[in-house]
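>>> got a predicted structure plus its sequence, pasted below:
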Amino acid sequence: MFFKKDNRPYPKSFSKRLTWRITLVMFIVMAIASYLLYKMSYGLIVAGSELTMRYVLKSEKQSIHSTISEIKAVSVNTVPQIEENLDKPEKLHAIMKQMVELNPAIQSCGLSFVENYYPGKGHQYCPYAYRKDTSEVVVKTLGDKDHDYLHETWFKKALASEEGYWAKPFFDDIDHTTPLVPWVMPIHDRQGKAIAVLGVDLALQSLREELSVQAYKEKIFEGLSSQALSVYNFAITRDGTYLVHPDSARVIKENYFTYCNTTSDSSDDELGRKMRENDDGDMSSVNIDDEDLYVRYRAIPDTDWSIAIVCSNALINGIASVLGVLLALFFMIPNLLVVIFMGRHFVKKAAKPIQQLAASADEVAKGNFKAPLPPLKTRDEIHQLRDSFEKMQLSLTRYMEELKETTAAKASIESELKIAHDIQMSMLPKTFPPYPERDDIDIYGSLTPAKDVGGDLFDFYIREEQLVFCVGDVSGKGVPASLVMAVTRSLFRNVSAHVLDPSKIVYAINNALTEGNDTEMFVTLFVGVLDLQTGHLRYSNAGHNAPVLLSDSVSEIPCDSNLPAGVMADWDFSLQELDIRKDDVIFIYTDGLNEAEDACHQLFGEERMLKQLKQQLAVGQTEPQAIIEEMGKAVHTFASGTEQSDDLTMLAIKYKKNNV
């Protein structure tokens with residue numbers, strides 16, 4: 001009901017006149033709104049079409065990038081296998097064949113060696129495998145005068161590169177009809193010299209199949225207009241060579257920039273310039289093949305390629321016009337009529353109690369949770385809303401009290417966990433270098449718990465010129481694991497103070513942990529005793545990862561796995577021995593290193609770990625602190641901000657005494 005300024009209701013006659021006036025205004029508003037809806041719908045549909053093209057192109061880009069990344073990953077992962085078999089050239093054909101068989105995206109691959117690398121194989125030697133059809137992979141050897149690759153630009157450039165690159169596309173040397181684009185990368189011998197180039201060929205047809213937009217082109221109003229409707233993809237390299245185009249005759253054989261030079265329009269030149277610069281963006285009006293097109297383009301990462309999706313502006317505008325009119329006619333007009341004839345009634349009836357309830361709600365919003373709510377006689381949704389507000393008042397009051405208690409309890413728990421963390425860390429060695437007065441040993445260790453407290457441990461000390469050390473990983477995480485960690489560390493110190501046999505130390509710890517182990521928790525443990533006078537290492541392993549030895553090369557220390565400590569009492573743990581030389585480094589770690597995950601749940605893995613250690617050995621970074629810090633950086637970069645899922649512990653020991 002409408003009210004005058006003195007809060008008295010207007011006469012009914014005035015309400016009727018006002019109703020007709022509102023009706024007239026609403027019809028005028030309806031006409032204007034219909035027009036605005038059409039314009040808005042038109043704009044939204046155009047924007048929606050462009051947005052759809054954007055997301056379609058993004059999906060296509062990701063799909064293509066996934067394909068080329070897979071090829072690069074396969075190539076990189078195959079390099080170690082190739083380099084290990086350089087002295088067995090007869091196995092290289094099988095490796096090439098396996099790459100093609102296991103990877104559907106690969107059409108062919110070859111391994112092109114430098115001149116006279118295998119004197120018995122001829123001047124040139126190239127093991128090669130290609131996909132003849134979906135079920136057969138053929139292996140052969142290239143290197144005759146028809147395949148003289150030694151003077152090719154791609155071969156020389158690949159030998160000089162460090163990681164590889166996507167070379168220029170070409171037609172298959174076998175059938176001369178299949179367009180391919182090759183990923184090439186160098187192969188090195190054990191001295192680090194580039195001696196071959198691995199070429200992995202991606203069929204451009206498979207790139208085309210990755211695209212979700214099927215080419216569509218049709219003349220409309222034949223005889224009356226030459227207007228055309230087109231939707232398609234194309235992709236070019238930085239020099240303008242077509243990689244993908246609905247007209248297969250243009251692929252590789254034609255060049256986008258050559259085409260641009262034949263036209264007087266500058267919009268196609270501008271598009272080519274932006275795609276050449278590997279930009280991402282769009283152009284609302286580009287004339288290509290005498291057609292006005294909307295074009296969105298994106299650069300493909302790790303390549304000099306650029307992909308575009310095009311759609312004729314006539315198609316976008318036509319769809320937008322038709323749908324805009326339909327929306328205005330079939331949705332806006334009925335809704336406006338309902339508002340005109342029904343809205344007046346409900347507004348008059350509902351306005352007063354809602355206003356009263358709004359005033360009370362405003363008081364609640366100001367913090368007055370006990371503000372009185374208006375009494376209502378009706379039993380409808382407004383009364384239900386009023387009851388809901390009343391319940392909300394009571395709930396907010398209880399919540400504020402509970403929040404105070406919860407906040408205090410949380411603060412107490414966090415304080416206790418901080419104290420537990422500090423106590424746990426204080427039990428581990430924390431001063432490095434630990435023995436600055438000694439020149440025969442250098443040690444560095446780190447422990448990064450996944451939670452406030454963790455279950456990893458490492459410890460070491462020198463007794464009777466024997467370095468006694470251990471690294472362990474308790475099953476589970478959090479407070480329970482930290483308690484077992486503390487017990488294990490204490491047992492290690494107590495037992496090793498009387499016994500210097502690693503197998504007996506582990507034996508005693510195992511029996512102590514097994515007794516009364518109702519929680520069935522266990523510890524993987526590596527215990528070693530290094531004679532600092534002779535470099536003789538005795539060690540015993542209880543289900544832990546094998547340590548790595550950095551000497552002339554990087555290799556795992558042979559380890560019997562045995563059972564973890566705490567699983568079975570009286571287990572006979574084996575004793576193993578190893579002599580290490582001056583400047584050798586023992587690197588011990590927990591599975592928080594090799595099982596670290598990135599955002600895609602891929603593991604860091606032992607292969608990446610060994611590769612990192614090999615790189616540090618190659619550049620002479622073998623000081624324990626440098627090894628652990630660089631390994632930590634490598635894991636952090638790999639994880640890319642992903643939350644740490646397990647405790648990470650690393651211990652590096654460098655023996656520096658000349659015992660020869």
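Sure thing, it's come through.

>>> and E643, how far is that from E597?
Distance of E643 to E597, given as Cβ to Cβ, to the nearest Å: 9 Å. Backbone N, C-alpha and C define where each C-beta goes, glycine included.

>>> the two: which has the busier surroundings?
Between E643 and E597, counting by other Cβ atoms under 10 Å, E597 is the more crowded of the two (16 against 8).

>>> separation between that one and G455?
With Cβ to Cβ as the criterion, E597 and G455 are 18 Å apart.

>>> same check, this time on T622
On the measure of Cβ to Cβ, T622 and G455 end up 29 Å apart.

>>> same check on P182?
From P182 to G455 the distance is 49 Å (Cβ to Cβ).

>>> when these two are compared, which one has more neighbours?
G455 (31 against 24).

>>> could you find the closest non-adjacent residue to the more buried one?
A481 (2.7 Å; Cβ to Cβ, 6 or more residues apart in numbering).

>>> so what's that neighbour up against?
Counting by Cβ atoms under 8 Å, 6 or more residues apart in numbering, A481 touches 453-455, 474-475, 521, 647.

>>> among these, which lie within strands?
Residues of those located in strands (DSSP state E): V474.

>>> top of the contacts of A481 by number of neighbours, please.
Counting by other Cβ under 10 Å, top hit in the contacts of A481: G455 with 31 neighbours.

>>> got a list of what that residue touches?
With Cβ under 8 Å, 6+ apart, G455 has these contacts: 473-478, 480-482, 484-485, 647.

>>> okay, it and N510: tell me how far apart.
From G455 to N510 the distance is 17 Å (Cβ to Cβ).

>>> next one: stretch 491-504 to chain centre, how far?
Put simply, stretch 491-504 sits 45 Å off its chain's centre (Cα atoms, centre = their mean, to the nearest Å).

>>> average pLDDT across it?
Mean pLDDT, stretch 491-504: 95.

>>> quick one, helices of this protein?
12-84, 92-102, 153-160, 204-210, 256-261, 267-276, 313-327, 333-365, 381-426, 478-496, 502-514, 591-594, 605-618, 624-639 (DSSP state H).

>>> so for S135, which of these sits nearest?
With distances scored as Cβ to Cβ, the stretch of the helices of the chain nearest to S135 is helix 92-102 (10.1 Å).

>>> for the closest one, packing partners?
Judged by 3 or more Cβ pairs under 8 Å, 6 or more residues apart in numbering; DSSP states H and E, helix 92-102 is in contact with helix 12-84, strand 106-113, strand 126-131, strand 137-142.

>>> nearest to I288, of these?
helix 12-84 (15.3 Å).

>>> which residues of the stretch 101-250 of the chain score low on pLDDT?
Within the stretch 101-250 of the chain, the stretches with pLDDT under 70 are 146, 212-228.

>>> can you give me the strands in it?
With strands called from DSSP state E, counting those that start in this stretch, the stretch 101-250 of the chain shows them at 106-113, 126-131, 137-142, 165-166, 170-171, 179-188, 194-203, 216-219, 228-236, 242-244.

>>> which of those sits closest to S267?
Comparing those by Cβ to Cβ, strand 228-236 comes nearest, at 15.4 Å.

>>> distance between that closest one and the chain's centre?
Using Cα atoms, centre = their mean, the offset of strand 228-236 from its chain centre is 31 Å.

>>> direction included, what does that strand pair up with?
Here strand 228-236 is paired, per DSSP bridges, with strand 216-219 (antiparallel), strand 242-244 (antiparallel), strand 306-312 (antiparallel).

>>> now those as JSON lines including distance to H151?
Shown next, in JSON lines, are the strands paired with strand 228-236 (distance: least, Cβ to Cβ, whole Å):
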{"stretch": "strand 216-219", "distance to H151": "42"}
{"stretch": "strand 242-244", "distance to H151": "25"}
{"stretch": "strand 306-312", "distance to H151": "30"}
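
>>> turn the ones you listed into TSV, columns for distance to W571 and mean neighbour count.
Below are those laid out as TSV (distance: least, Cβ to Cβ, whole Å; neighbours: other Cβ atoms under 10 Å):
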stretch	distance to W571	mean neighbour count
strand 216-219	71	12
strand 242-244	62	24
strand 306-312	61	24
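
>>> S553 is nearest to which of those strands?
strand 242-244 (42.5 Å).

>>> so what touches that closest one?
169, 179, 181, 204, 207-208, 211, 233-237, 250-256, 305, 307.

>>> can you tell me which of the residues you listed are buried?
169, 179, 181, 204, 207-208, 211, 233-237, 250-252, 255-256, 305, 307 (16 or more other Cβ atoms under 10 Å).

>>> still on that earlier bit, okay, the contacts of G455 in TSV with pLDDT and distance to T263 next?
Below are these laid out as TSV (pLDDT from 0 to 100; distance: Cβ to Cβ, whole Å):
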residue	pLDDT	distance to T263
D473	93	68
V474	92	72
S475	87	70
G476	78	69
K477	78	66
G478	77	68
P480	84	74
A481	85	70
S482	84	72
V484	89	76
M485	89	73
D647	88	64
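
>>> tabulate these (CSV), appending distance to W154.
Below are the contacts of G455 laid out as CSV (distance: Cβ to Cβ, whole Å):
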residue, distance to W154
D473, 48
V474, 54
S475, 53
G476, 54
K477, 51
G478, 55
P480, 59
A481, 54
S482, 57
V484, 58
M485, 56
D647, 47
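
>>> among the residues you listed, find me the one that's closest to P547.
Relative to P547, and with distances defined as Cβ to Cβ, the nearest of those is D473, at 13.1 Å.

>>> can you tell me the closest non-neighbouring residue to that closest one?
T590 (4.2 Å).

>>> OK, contacts around that neighbour?
456, 471-473, 524, 544-545, 646-650.

>>> again, but for G240
G240 neighbours (Cβ under 8 Å, 6+ apart): 255-258, 272, 276.

>>> picking that back up, and of the contacts of A481, the nearest to S112?
Nearest member of those to S112, counting by Cβ to Cβ, is D647, at 46.7 Å.

>>> wait, that closest one sits on F458?
No. Using Cβ atoms under 8 Å, D647 is not in contact with F458; the gap is 10.9 Å.

>>> common neighbours of these two, please.
Common neighbours of D647 and F458 (Cβ under 8 Å, 6+ apart) are L447.

>>> burial measure for the nearest residue to L530 once chain neighbours are set aside, as a count.
Excluding the flanking residues, the one nearest L530 by Cβ to Cβ, 6+ apart is L467, at 4.2 Å. Residues within reach of L467, counting by other Cβ under 10 Å, total 22.

>>> and L467, how far from Y461?
With Cβ to Cβ as the criterion, L467 and Y461 are 8 Å apart.

>>> with K193 instead?
Counting by Cβ to Cβ, the gap from K193 to Y461 is 46 Å.

>>> what pLDDT does M275 get?
Note for M275: predicted pLDDT of 88.

>>> repeat that for the one 10 residues further on.
Note on S285: pLDDT of 87.

>>> grab the nearest non-local neighbour of it.
D292 is the one closest to S285 (Cβ to Cβ, 6+ apart), at 5.8 Å.

>>> you'd agree the one you found is up against A314?
Yes. With contact defined as Cβ under 8 Å, D292 counts as touching A314 (7.1 Å).

>>> which residues touch S267?
Per Cβ under 8 Å, 6+ apart, neighbours of S267: 283, 285-287.

>>> 10 Å instead, please
The contact partners of S267, by Cβ atoms under 10 Å, 6 or more residues apart in numbering, come to 260, 283-288, 292-293, 295.

>>> ok, now I71?
Counting by Cβ under 10 Å, 6+ apart, I71 has contacts 99, 103, 105-106, 109, 166, 181-183, 200-202.
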